[in-house]
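Colleague: Got a sequence here, can you model it:
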Amino acid sequence: MDFSVVNWLAVIAAAVVAWLFGAAWYMGLSKPWLKAAKLDPATMKRSAAPFIVSFVAELIMALVLTLVVGAITGGEPNPIAGLLFGFVLWLGFIATTLAVNHRYEGFGWALTLIDAGHWLGVMLIIGAVIGWFGAPAAPAG
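Modeller: Just a heads-up that it's a prediction; the model follows:
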């Protein structure tokens, strides 16, 4: 695994922007999401843990997507490659996992669509940011 293709600033920026997108996504869809997830806000325990876990997960996603895009592009990521691989990884792993898990958990398709839409946005944002930042700067010699 070639970590020389990792632009760490891009990884952090991608995770921050993706996390902010998630906050806006679920604030806008809070009522339908709560209904689809069969949750009652009055009985929910308030905790910062889900917010922290989601940010750490998005940092990991950004790192992995950076490694994938860097490997495929020969260490020269670009926004199109980032978007393409973000979409392909979302389709191949995230959307399919949500569809399967939600069926076993007894949730309807509304929850799957809301959650899958969020993760699609996250992966596209991460891919675009990683591609936009490009490869890390060469060390000064």
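
Colleague: Let's verify Gly75: helix, strand, or coil?
Modeller: The assignment at Gly75 comes out as coil when based on DSSP: H, G, I helix; E, B strand; the rest coil.

Colleague: tell me the centre residue of this protein?
Modeller: Val122 (3.5 Å; Cα atoms, centre = their mean).

Colleague: Which elements pack onto the helix or strand hosting it?
Modeller: Assigned by DSSP states H and E, Val122 belongs to helix 109-133. Helices and strands touching helix 109-133, by 3 or more Cβ pairs under 8 Å, 6 or more residues apart in numbering; DSSP states H and E, are helix 8-28, helix 30-36, helix 49-72, helix 79-89, helix 96-104. Bear in mind the C-beta positions are built from the backbone N, C-alpha and C, glycine included.

Colleague: ranking these by burial, who's on top?
Modeller: Per residue and on average, the most neighbours among those fall to helix 79-89, with a mean of 19 (mean count of other Cβ atoms under 10 Å).

Colleague: Can you name the residues that contact the nearest residue to Val122 once chain neighbours are set aside?
Modeller: Once flanking residues are discounted, Val122 sits nearest to Ala18: 4.4 Å by Cβ to Cβ, 6 or more residues apart in numbering. When contacts are counted by Cβ atoms under 8 Å, 6 or more residues apart in numbering, Ala18 touches Glu58, Met61, Ala62, Gly121, Val122, Ile125, Ile126, Val129.

Colleague: just to revisit the earlier point, for Thr43, find the nearest of the helices and strands packed on helix 109-133.
Modeller: Thr43 lies closest to helix 30-36 among the helices and strands packed on helix 109-133, at 11.1 Å (Cβ to Cβ).

Colleague: Grab the nearest non-local neighbour of Phe133.
Modeller: Once flanking residues are discounted, Phe133 sits nearest to Ala10: 3.4 Å by Cβ to Cβ, 6+ apart.

Colleague: got the contact list for the one you found?
Modeller: Ala62, Thr66, Val129, Ile130, Trp132, Phe133, Gly134.

Colleague: Counting neighbours, which of these end up buried?
Modeller: Among the contacts of Ala10, the ones that count as buried by 16 or more other Cβ atoms under 10 Å are Ala62, Thr66, Val129, Ile130, Phe133, Gly134.
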